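Q: From the sequence below, what's the structure:
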Amino acid sequence: MSDERREAILNNAKYLREVRPIDPDEICEYVPDQPHPGVVKQTLREAAVDLGLREREDGTFVPAPVGPLDATVERAEPFPERYTRALEDRLIAEFGPGWPEGESGDRLRERIRTVKEAYLNDDAVTYDRLTALAYAIYHLPDYYAVGQYALEPLLAEDRLPAQLRVLDIGAGVGGPALGLCDLVVEAGGIVEYHAVEPGDGAAEVLTELLGATGPNVHTTVHRERAEAFEPGAEFDLIVFGNVLSELADPAAVLGRYADALAADGSVLAIAPADKQTAKGLRTTERALEDTYTIYAPTVRLWPGERPAGDCWSFTRKPDVDVPPFQGRLDDAAGAETDGEFVNVDVQYAYSILRRDDARAIEYRPDQSRVAKMADAEGYVTDRIDLVGIKLSPDLRDEADGNPVFLVADGSEQVDHFAVLTKESILNGDLRDSEYGDLLAFENVLALWNDDERAYNLVVDGETVVDRVPV
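A: Modelled structure (predicted):
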């Protein structure tokens, strides 16, 4: 297409956007040589991000919303059928319609086992095509949900724009990306999405799945390593989804993208909930406190304090539905697998970082009224008042034990666990509160737990626990 024709299409679009929906059939009448409406539509799609346009189902274009994205996440959407079809089409193209059976099914199941073991052992994983497909089968649905849930702290404070620019570092096969893109589009926004993924197998599967996101997600896949990629632009959201644990120097890589973050943008780092990777995420987070502000969930409540301790912090969300491709692969293995290849758990650790000093909890404790966790050694065996952020689901090993929750105030040098020994109407907020909520503890008994090498905050009938509004 000539530059003159393209300019004429865009000039007409700029005029009409202020008047009525932009119809390619109408614009072609005003352009020299009257190009086919399909040519006009493609031109508008290519310029949609620059023009701030959203394509409607009827094929016309309207201005995308300006300002914060109007969305909430009460429960993540089920894994969409269009992505199921796209993945199954790829599996059929690779292995044939009987892909869950015979040799191909055995290879996929064995590769899932291998990848799971590698993650547990902190071993490197090479994403060839078989690995990428096996990973997609096992993890796409739960990571799709994570990609939506993990945005809720930002959505709650209107910190994501409706016209969202995303950079996804180590995008893999795209689970979190698909979830976040769908969330934005379903709320009326548009997404300019750039993925950095060096693995050929993962990049190919990712590209195929992104093709099913629809016209309001504008995608580019960069087949480069995170350590070498040069963004060349600013982004509202930079995502590190389950990749930091695979990098030789995760803090250095995460830090080098600080300049690519918009002034009011956020970094979202996600990690699996297992102890090693979740703790590793906190180690990386702590190494970057001079570069970023910790926005959520491990907010530093006390000015000038920095935490230590393990901080095995993760959140748990409702199970997802079993997708057809997982069920077919598991069923083909026989009854002895006992659901080994079905993955419906949604558990993850996350960190949100910013550069504008904003925090999800803007609260400063009064040391004349509450204790600081950094001073724990001095208050053991005392009943004290303090504040802390709830940073785990119930961690007890057995259903008949006392509920246990990790709590922190950003000053702790050793982990603190709130143990609910006697529930009452006065302390019910400990159990009922959400991950990331700020809690005030009144008259809680502080004890040292020698077995866990941690402090227990014993919440009994004499203790009051309240959510603190922030």
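
Q: Can you show me the strands along the stretch 151-300 of the chain?
A: Listed in chain order, the strands found in the stretch 151-300 of the chain under DSSP state E, counting those that start in this stretch are 163-169, 190-196, 217-222, 235-241, 261-272, 293-296.

Q: What residues of stretch 295-310 count as buried?
A: 295, 296, 297, 298, 299, 300, 301, 302, 307, 309, 310 (16 or more other CB atoms under 10 Å). For the C-beta atoms, the positions are set from N, CA and C on the backbone; glycine is no exception.

Q: My error: substitute stretch 74-94 in the last question.
A: Buried-residue list, stretch 74-94, by 16+ other CB under 10 Å: 76, 79, 80, 83, 84, 86, 87, 88, 90, 91.

Q: ditto for stretch 50-61
A: For stretch 50-61, by 16+ other CB under 10 Å, it's 51, 52, 53, 54, 55, 59, 60, 61.

Q: Same question for stretch 428-440.
A: In stretch 428-440, counting by 16+ other CB under 10 Å, buried: 429, 430, 433, 435, 436, 437, 438, 439, 440.

Q: And the pLDDT for the fifth one?
A: Yep, that's residue 436 we're talking about. In this model, residue 436 is scored at 98, pLDDT.

Q: if we can go back for a sec, just the ones of the buried residues of stretch 428-440 in strands?
A: Counted as lying in strands by DSSP state E, out of those, are 438, 439, 440.

Q: Same list (the residues you listed) but as a markdown table, adding distance to residue 217.
A: Converted to a markdown table, those look like this (distance: CB to CB, whole Å):
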| residue | distance to residue 217 |
| --- | --- |
| 438 | 35 |
| 439 | 38 |
| 440 | 42 |
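
Q: ok, the buried residues of stretch 428-440 vs residue 110, which is closest?
A: residue 435 (35.1 Å; CB to CB).

Q: Just give the nearest non-adjacent residue to that closest one, would you?
A: residue 315 (4.0 Å; CB to CB, 6 or more residues apart in numbering).

Q: give me the low-pLDDT residue ranges for the stretch 51-200 of the chain?
A: Under the criterion pLDDT under 70, no range of the stretch 51-200 of the chain is flagged.

Q: ok, 90 please
A: 77, 115-127 (pLDDT under 90).

Q: could you point out the longest helix in this structure?
A: helix 129-149 (DSSP state H).

Q: which regions of the stretch 351-470 of the chain lie under the pLDDT threshold?
A: Using pLDDT under 90, the flagged stretches of the stretch 351-470 of the chain are 397-401, 470.

Q: The strand or helix carrying residue 407 - contacts with which helices or strands?
A: Following DSSP states H and E, the helix or strand that holds residue 407 is strand 404-408. Under the contact criterion of 3 or more CB pairs under 8 Å, 6 or more residues apart in numbering; DSSP states H and E, strand 404-408 touches strand 383-390, strand 416-420.

Q: quick one: buried residues of stretch 32-48?
A: 35, 37, 39, 40, 41, 43, 44, 45, 47, 48.

Q: average pLDDT across that stretch?
A: Mean predicted lDDT for stretch 32-48 stands at 86.

Q: Could you list the residues in contact with it?
A: With contact meaning CB atoms under 8 Å, 6 or more residues apart in numbering, stretch 32-48 is reached by 1, 4-6, 8-10, 13, 22, 24-25, 27-28, 31, 51, 53-55, 59, 61, 190, 215-216, 218.

Q: And these, which of them are buried?
A: For these, buried by 16+ other CB under 10 Å: 5-6, 8-10, 13, 22, 24, 27-28, 31, 51, 53-55, 59, 61, 190, 215-216, 218.

Q: Inside helices: which ones of those residues?
A: Those of the buried ones among the contacts of stretch 32-48 lying in helices (DSSP H): 5, 6, 8, 9, 10, 13, 24, 27, 51.

Q: nearest residue to the last one other than its sequence neighbours?
A: It stands for residue 51. In space, residue 51 is closest to residue 13, 6.3 Å off (CB to CB, 6+ apart).

Q: now swap in the fourth one and tell me
A: Counting by CB to CB, 6+ apart, residue 43 is the residue found nearest to residue 9 once chain neighbours are left out, at 4.9 Å.

Q: now swap in the third one and tell me
A: Once its chain neighbours are removed from consideration, residue 8 has its nearest residue in residue 31; the separation is 4.6 Å (CB to CB, 6+ apart).

Q: same question, the fifth one
A: Spatial nearest neighbour of residue 10, chain neighbours left out: residue 47 (5.8 Å); criterion: CB to CB, 6+ apart.

Q: With residue 447 instead?
A: residue 456 (4.7 Å).

Q: Burial check on the residue nearest to residue 303 when sequence neighbours are not counted, number of neighbours?
A: Take residue 303 and drop its neighbours on the chain: the residue closest to it by CB to CB, 6+ apart is residue 364, 6.7 Å away. The number of residues packed near residue 364 is 10, by other CB atoms under 10 Å.

Q: contacting residues around residue 161?
A: Counting by CB under 8 Å, 6+ apart, residue 161 has contacts 67, 68, 69, 189, 236.

Q: the domain parsing of the chain - what is it?
A: With automatic domain parsing as the criterion, the domains of the chain are listed as 3-63, 81-273+314-354, 373-467.

Q: Can you get me the start-to-end distance on the longest one?
A: Across domain 81-273+314-354, the straight-line distance between its terminal residues is 35 Å, by CA to CA, to the nearest Å.

Q: just how off-centre is that domain within its chain?
A: 9 Å (CA atoms, centre = their mean, to the nearest Å).

Q: ok, now the shortest one?
A: The offset between the C-alpha centroid of domain 3-63 and the centroid of the whole chain comes to 34 Å, using CA atoms, centre = their mean.

Q: So what would you say the end-to-end distance of it is?
A: End-to-end for domain 3-63, by CA to CA: 23 Å.

Q: what do you get for the last one?
A: One end of domain 373-467 sits 18 Å from the other (CA to CA).

Q: let's have the chain start at 779 instead
A: In the new count, where the first residue is 779, that last one comes out as domain 1151-1245.

Q: returning to what we had before: of the domains of the chain, flag the one that's most buried.
A: Of all the domains of the chain, domain 859-1051+1092-1132 carries the top mean neighbour count, a mean of 20, counting by mean count of other CB atoms under 10 Å.
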